[in-house]
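Student: this one's structure only:
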Ligand code: BGC
């Protein structure tokens with residue numbers, strides 16, 4: 001389903017959503033729709049709020065809870081349909097182009113030019129932020145997805161010598177953790193979390209090329225081949241290690257179980273680190289980050305960006321436009337890039353920033369990103385909106401979550417089902 005159709009669906013939800021303006025207008029106001037609501041995420045976005053307020057503008061926080069952002073997207077569509085878009089919203093990759101196609105985004109070329117974004121951003125990322133040759137969005141970070149987070153003290157108590165590096169070691173660690181009475185893998189059974197694990201397995205078993213063939217090319221042989229069956233067999237196996245009380249659970253609640261020592265591991269993008277940091281825990285001491293087993297050298301990623309919307313005639317004032325431009329300017333400044341990303345768990349998106357101020361996980365991430373870029377093994381995440389439309393992503397989510405909940409589903413048929421769903425959604 002294209003955005004236009006989905007916009008229509010969203011209108012019926014309009015009455016459920018309320019937004020309120022906070023504070024006086026002052027010099028101008030910038031309203032941002034986002035989904036950074038966990039403790040660590042809220043701390044990160046607060047950095048932006050403070051810098052904007054320091055410049056005398058009003059920050060209007062329109063946070064919509066729900067990891068992965070599906071609920072926030074529904075709210076955004078509702079707002080757009082009712083002719084009352086926010087100044088900016090957290091959007092990614094191909095979605096920026098879809099919203100651009102609808103004529104709803106506004107150019108921030110002036111800010112980009114004045115602040116030399118073309119020199120600050122890698123060319124490939126700058127391209128994603130442009131619609132029809134004009135900057136319409138600003139990127140904030142690079143999040144790596146293919147991570148495994150561990151609590152080394154828990155692993156030690158269960159007799160696991162080190163963080164697993166292969167799928168076999170992951171299963172062995174899972175067995176030991178379970179036998180010692182721990183939750184082996186903290187995991188919330190929500191479609192996007194299930195798909196995070198699925199995506200990790202695709203990367204690990206099919207490599208970056210297979211990943212791209214699946215999620216960018218929608219290649220038939222990739223979905224119907226024996227390796228995709230292996231992916232689903234492995235997914236079923238991993239399910240046996242997942243939190244038995246994880247149904248419908250938010251990702252950060254599951255991270256908390258690893259932090260508190262109730263669980264040994266979590267498979268999650270590096271926003272998980274924001275929870276560890278907010279709890280005052282140290283990378284390499286209290287927790288460890290290793291690439292998802294079997295995916296060393298590969299790097300799946302997403303880029304959080306704020307897309308800028310054309311304001312309604314009521315809100316389209318010089319003050320509000322100045323506030324939006326201030327937001328865009330701040331987002332790529334070294335000070336913001338450092339503090340925001342230290343809190344968020346991601347790495348800076350601007351080139352040449354001093355990484356010595358970051359912890360060992362972020363340093364490893366930056367090093368691995370550069371190596372993967374060179375080797376051509378960067379994989380734009382499907383689960384996190386970098387490689388395909390939301391419609392195709394939704395089709396994948398459905399097949400994965402049905403597979404996870406149906407213990408009799410045939411791993412040899414799941415790939416074919418996924419291909420059929422993707423093809424229907426892509427029409
Ligand atoms: C976003 C992250 C966010 C995570 C959990 C991802 O889609 O890129 O910024 O922390 O979802 O909500």
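Tutor: Cool, got the structure. These numbers were taken from a predicted model, which means no experiment stands behind them. Numbers count the residues shown, from 1 in each chain.
Student: For the spatially most central residue of the chain, which residues are in contact?
Tutor: The residue lying closest to the centre of the chain (C-alpha atoms, centre = their mean) is residue 384, at 4.7 Å. Contact analysis of residue 384 by C-beta atoms under 8 Å, 6 or more residues apart in numbering lists 68, 92, 143, 145, 269, 302. Glycine gets a C-beta too; all of them are placed from N, C-alpha and C.
Student: contacting residues around the fourth one?
Tutor: So the one you mean is residue 145. Neighbouring residues of residue 145 by C-beta under 8 Å, 6+ apart: 196, 199-200, 269-270, 300-302, 381, 383-384.
Student: One more: residue 198?
Tutor: 231, 235, 383, 396, 400.
Student: What helix or strand is the fourth one located in?
Tutor: Using DSSP states H and E, the element containing residue 396 is helix 390-405.
Student: That helix vs the ligand: in contact?
Tutor: No. On the criterion C-beta under 6 Å from any ligand atom, helix 390-405 is out of touch with the ligand, staying 10.9 Å away.
Student: Buried ones in that helix, by neighbour count?
Tutor: Under the neighbour-count criterion of 16 or more other C-beta atoms under 10 Å, helix 390-405 has 390-401, 403-404 buried.
Student: contacts for it?
Tutor: For helix 390-405, the external contacting residues (C-beta under 8 Å, 6+ apart) are 1-3, 6, 73, 95, 98, 189, 191-192, 194-195, 198, 215, 218, 232, 235-236, 239, 382-383, 385, 409, 411, 414, 417-418, 421-422, 424-426.
Student: Helices - which of these land there?
Tutor: 3, 6, 73, 95, 98, 191-192, 194-195, 198, 215, 232, 235-236, 239, 411, 414, 417-418, 421-422, 424-426 (DSSP state H).
Student: thought residue 255 was touching residue 275?
Tutor: Yes. If you go by C-beta atoms under 8 Å, residue 255 and residue 275 touch, sitting 4.3 Å apart.
Student: related to what we said a few turns ago, going by neighbour count, which of the ones in helices among the contacts of helix 390-405 are buried?
Tutor: Buried members of these, counted by 16+ other C-beta under 10 Å: 3, 6, 73, 95, 98, 191-192, 194-195, 198, 215, 232, 235, 239, 411, 414, 417-418, 421-422, 425.
Student: any idea of the pLDDT on the closest residue in space to residue 203 that isn't next to it in sequence?
Tutor: Distances taken as C-beta to C-beta, 6 or more residues apart in numbering put residue 295 closest to residue 203, at 4.5 Å, once the chain neighbours are dropped. The confidence metric pLDDT takes the value 98 at residue 295.
Student: which residues does residue 295 contact?
Tutor: Counting by C-beta under 8 Å, 6+ apart, residue 295 has contacts 146, 200, 203-204.
Student: Right, I'll leave it there.
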